[in-house]
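K.L.:
next come a sequence and a model predicted from it.
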Amino acid sequence: MAHGSASGGNQQGEWRRNSQLWLWMPLALTIVALIAGRPRQPPPQPGRAPGWRPWLPLANLIDHKIGWHRLPWPLGLPVVVAFLRQLRRENLYDPSSITPSRPRPPLSFPGPAARTTRSADGTFNDLGDPTMGSANTRFGRNVPLSRTFPEPTPALLSPSPRTVSRELLTRHQFQPAETLNVLVAPWIQFMIRDWFSHGRGDKNALPWEIPLTADDPWPQSARPMTILRTIPDPTRPEQGNRTPPTHINTETHWWDASQLYGSDASYQQRTRSGVDGKLRVNERGFPDVEIDPLQPEHPADVPGFWVGLAMLQTLFTLEHNAICDRLRAEYPSWSDDELFARARLINAALLAKIHTVEWTPAIINHPTTVRALRGDWWGLQGERLHRLFGRLSDSDILSGLVGSKTDHFGVPYALTEEFVAVYRMHPLMPDDYIFRAADDHRVLLERNLTGVAQHSALEVLDEVPMSDLLYSFGVAHPGQLSLHNFPRGLQEFHRPDGRLQDLAATDILRTRELGVPRYTEFRKLFHMRPITTFGELTENRDWAEQLRHIYDDDINRVDLMVGMFAEPKPRGFAFSDPAFRVFVLMATRRITSDRFLTTDFTPQVYTQTGLDWIADNSMATVILRHFPALRPALRGVDNAFQPWHLAT
């Protein structure tokens with residue numbers, strides 16, 4: 001693809017940016033002083049007068065004129081902290097404030113164990129509001145509720161999601177992200193299985209019918225192309241279209257490893273062995289969830305199941321059981337239930353730590369964000385001082401969010417539709433997979449994406465040992481989150497139920513259907529510099545012309561996902577700056593709202609053994625505990641989501 005400016009123009013632009021940086025440096029230093037001198041104060045409910053904070057207009061001005069990511073990290077970090085505080089004040093909304101849910105039967109307090117045990121369905125995390133964040137409660141919003149009405153048809157289907165998929169997203173040549181390994185792709189899917197789901201679509205309603213062009217190769221047998229509508233909110237009173245639509249998260253909203261343990265008591269019970277707190281595994285060490293006779297569905301029949309997901313489910317099932325062994329040795333009198341509950345707490349917190357200080361810094365590897373993410377966990381005092389002395393302060397900036405006081409920032413905790421929208425990251429998936437031996441790098445098996453998904457994944461698991469699977473992912477690269485890089489195998493994807501689906505078109509339609517603003521409006525609502533032309537959106541001239549053609553020369557019609565894939569990314573970033581804004585708000589909120597990661601992150605709840613396990617472990621140590629033969633591949637690798645050493 002040709003780029004939009006010659007090297008001379010790029011050099012001039014860089015000179016201008018550097019000149020601007022020094023001009024704005026005094027204001028950045030002012031923000032440092034202002035933030036350092038003010039105590040943390042929880043914001044009011046959005047919509048109320050937020051109170052004046054002098055660093056917010058300064059931070060926005062610097063961010064718009066230069067960009068936080070162009071500042072040296074000691075100055076960029078305070079700008080990020082400033083806009084995080086603005087986002088907490090102005091971008092948290094509770095749909096139930098204008099569309100109350102139908103009353104639910106009151107919950108009975110389950111007893112003292114609730115204080116030290118995560119419930120199966122996420123209830124009683126907040127003891128004062130026991131349903132907050134539990135399964136089958138509503139998604140929240142990050143934009144004003146008045147901006148969350150979906151566009152009416154036919155505007156909602158314009159341009160056709162299938163046209164966007166074919167013309168702007170189709171992968172003609174794989175664009176690798178060479179600073180990462182393929183483990184980043186199943187990891188985010190593994191996390192999403194914990195965080196959220198809208199369900200599998202409403203089979204009782206007329207589906208969306210997607211317009212197709214005359215030259216579209218979509219199979220005649222599958223025409224017209226249809227996409228199931230999102231399941232309606234069953235807790236919503238009948239109020240017509242007077243209030244914005246709401247939808248239910250079928251999973252718990254908490255960071256509680258529900259992808260392993262389930263979001264209801266029945267599934268959780270089926271995962272357990274009943275001995276020493278452990279999870280069920282078969283003779284080969286794979287998770288062995290007992291099939292429910294009332295819902296006889298094999299895990300491979302669940303849409304989205306593939307080798308990468310199976311690998312991580314296996315790895316952290318084994319990790320749970322290893323934690324149980326450690327706890328049994330330390331507390332021999334504990335019951336099966338007590339061992340299970342504490343091991344789950346420890347395993348879930350370890351997953352949260354790995355995501356915060358390893359996966360995310362790998363995928364947004366910028367000096368400012370790496371320090372910010374480590375600061376979320378350990379604060380400015382850093383890991384070493386944290387391990388030596390624990391928290392030195394009540395300040396989340398100095399000593400981190402983990403172990404601080406629980407804080408909902410004036411709005412009941414829930415994951416949001418905007419958070420769901422920015423985590424549509426299918427381009428990370430390669431189309432082709434080469435499985436190699438970890439001891440000598442020889443080729444064991446080659447498959448395309450279809451050949452590693454659904455029941456075909458079970459064949460791969462039978463043929464290739466887990467250590468070789470992990471090695472193969474560790475030495476290969478994922479795709480860039482970019483236009484023209486969506487996996488071909490997901491644009492004509494055969495679902496387990498027999499339906500043919502274009503997942504790229506589905507991603508586009510879902511974001512529109514759920515009332516998430518389009519790209520330019522989204523930027524404005526997240527206080528970012530406005531984009532008014534296609535040339536501003538992307539430096540790639542070919543892309544700009546393609547976007548102008550598909551969106552009929554209207555920049556305001558560009559879809560959120562398309563804009564995020566097209567725009568230039570900050571240095572070291574695999575995803576876009578708008579996605580980062582949602583991430584920096586909601587990732588910290590997932591910690592600050594969860595009492596098991598804040599107020600109750602204590603030896604009394606986790607045991608000191610549990611806290612030490614979390615502190616002492618990383619993705620690499622987890623892998624090596626269960627697959628020690630991978631030690632040569634990981635020797636000297638600082639982050640297990642970055643490329644491993646090739647076997648010789």
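P.N.:
Everything's here; your move.
K.L.:
where does the prediction get shaky in the stretch 151-300 of the chain?
P.N.:
Residues of the stretch 151-300 of the chain that meet the criterion pLDDT under 70 lie in 239-241, 291-296.
K.L.:
what segments of it are strands?
P.N.:
Under the criterion DSSP state E, counting those that start in this stretch, the stretch 151-300 of the chain contains strands at 208-210, 225-227, 248-249.
K.L.:
mean neighbour count and distance to residue 314 added to the ones you listed, as a markdown table?
P.N.:
The way it works is simple: take the backbone N, C-alpha and C, and place the C-beta from them, glycine included. Formatted as a markdown table, the strands of the stretch 151-300 of the chain follow (neighbours: other CB atoms under 10 Å; distance: least, CB to CB, whole Å):
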| stretch | mean neighbour count | distance to residue 314 |
| --- | --- | --- |
| strand 208-210 | 20 | 36 |
| strand 225-227 | 19 | 32 |
| strand 248-249 | 24 | 26 |
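K.L.:
to residue 451, which of these lies closest?
P.N.:
With CB to CB as the measure, strand 225-227 is the member of these nearest residue 451 (24.3 Å).
K.L.:
any idea how far the closest one is from the chain center?
P.N.:
Strand 225-227 sits 26 Å away from the centroid of its parent chain (CA atoms, centre = their mean, to the nearest Å).
K.L.:
again, but for stretch 558-572
P.N.:
For stretch 558-572, the distance to the chain centre is 16 Å (CA atoms, centre = their mean).
K.L.:
how close does the residue lying closest to residue 438 once chain neighbours are set aside get to residue 348?
P.N.:
Leaving aside its sequence neighbours, residue 438 sits nearest to residue 471 (CB to CB, 6 or more residues apart in numbering; 3.7 Å). As judged by CB to CB, to the nearest Å, residue 471 and residue 348 stand 27 Å apart.
K.L.:
who has more neighbours out of those two?
P.N.:
Higher neighbour count among residue 471 and residue 348: residue 471, with 29 against 25, using other CB atoms under 10 Å.
K.L.:
beyond the helix or strand harbouring that one, next helix or strand please.
P.N.:
Here residue 471 sits within helix 466-474, counting by DSSP states H and E. With elements assigned by DSSP H and E, the helix or strand that comes after helix 466-474 is strand 493-494.
K.L.:
and whichever helix or strand comes after that next one, which strands flank it?
P.N.:
Later in the chain than strand 493-494, the nearest helix or strand by DSSP H and E is strand 500-501. If you go by DSSP bridges, strand 500-501 pairs up with strand 493-494 (antiparallel).
K.L.:
per-residue confidence at the most centrally placed residue in the chain?
P.N.:
Closest to where the C-alpha atoms of the chain average out (CA atoms, centre = their mean) is residue 423, at 5.2 Å. Here the pLDDT value assigned to residue 423 is 95.
K.L.:
quick check: it touching residue 188?
P.N.:
Yes: using CB atoms under 8 Å, residue 423 makes contact with residue 188 at a distance of 6.8 Å.
K.L.:
for residue 495, give me the pLDDT.
P.N.:
pLDDT recorded at residue 495 is 85.
K.L.:
quick check on it: phi, psi?
P.N.:
Main-chain torsions, residue 495, degrees, to the nearest 10: phi -70, psi 160.
K.L.:
run through the residues that contact it.
P.N.:
Counting by CB atoms under 8 Å, 6 or more residues apart in numbering, residue 495 makes contact with 303, 501.
K.L.:
again, only this time at 10 Å
P.N.:
Contacts for residue 495 (CB atoms under 10 Å, 6 or more residues apart in numbering) come out as 200-201, 301, 303-304, 454, 501, 503.
K.L.:
do the same with residue 387
P.N.:
Here residue 387 is in contact with 378, 612, 615-616 (CB under 10 Å, 6+ apart).
K.L.:
so who does the nearest residue to the residue nearest to the centre of the chain once chain neighbours are set aside touch?
P.N.:
Leaving out its chain neighbours, the residue that sits closest to residue 423 by CB to CB, 6+ apart is residue 192, at 6.1 Å. Residue 192 is in contact with 251, 259, 304, 420, 423-425, counting by CB under 10 Å, 6+ apart.
K.L.:
most neighbours, which of those residues?
P.N.:
Neighbour counts for those, by other CB under 10 Å, peak at residue 251, which reaches 26 neighbours.
K.L.:
thought residue 464 was touching residue 437?
P.N.:
Yes: counting by CB atoms under 10 Å, residue 464 touches residue 437, with 9.0 Å between them.
K.L.:
more neighbours: the two, which one.
P.N.:
For residue 464 versus residue 437, neighbours defined as other CB under 10 Å are more numerous around residue 464 (19 against 16).
K.L.:
among the strands of the stretch 151-300 of the chain, which comes closest to residue 521?
P.N.:
Taking CB to CB, strand 208-210 is the member of the strands of the stretch 151-300 of the chain nearest to residue 521, at 21.8 Å.
K.L.:
counting by contacts, list what the closest one packs against.
P.N.:
With contacts defined as 3 or more CB pairs under 10 Å, 6 or more residues apart in numbering; DSSP states H and E, the packing partners of strand 208-210 are helix 161-164, strand 225-227, helix 503-513.
K.L.:
partner strands of it and their direction?
P.N.:
Strand 208-210 has these strand partners (DSSP bridges): strand 225-227 (antiparallel).
K.L.:
in this protein, which helix or strand is least confident?
P.N.:
Lowest on mean pLDDT, DSSP states H and E among the helices and strands of the chain sits helix 7-36, with a mean of 46.
K.L.:
so for the helix or strand just after it, mean pLDDT?
P.N.:
Next helix or strand after helix 7-36 toward the C-terminus (DSSP H and E): helix 55-65. Mean pLDDT, helix 55-65: 83.
K.L.:
quick one: buried residues of helix 55-65?
P.N.:
55-56, 58-60, 62-63 (16 or more other CB atoms under 10 Å).
K.L.:
next: stretch 538-552.
P.N.:
By 16+ other CB under 10 Å, the buried positions in stretch 538-552 come out as 538-540, 543-544, 546-548, 550-551.
K.L.:
so can I have a markdown table of those residues showing secondary structure and distance to residue 479?
P.N.:
As requested, the buried residues of stretch 538-552 are exported to a markdown table (DSSP: H, G, I helix; E, B strand; the rest coil; distance: CB to CB, whole Å):
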| residue | secondary structure | distance to residue 479 |
| --- | --- | --- |
| 538 | coil | 18 |
| 539 | coil | 20 |
| 540 | coil | 17 |
| 543 | helix | 16 |
| 544 | helix | 22 |
| 546 | helix | 19 |
| 547 | helix | 20 |
| 548 | helix | 25 |
| 550 | helix | 21 |
| 551 | coil | 24 |
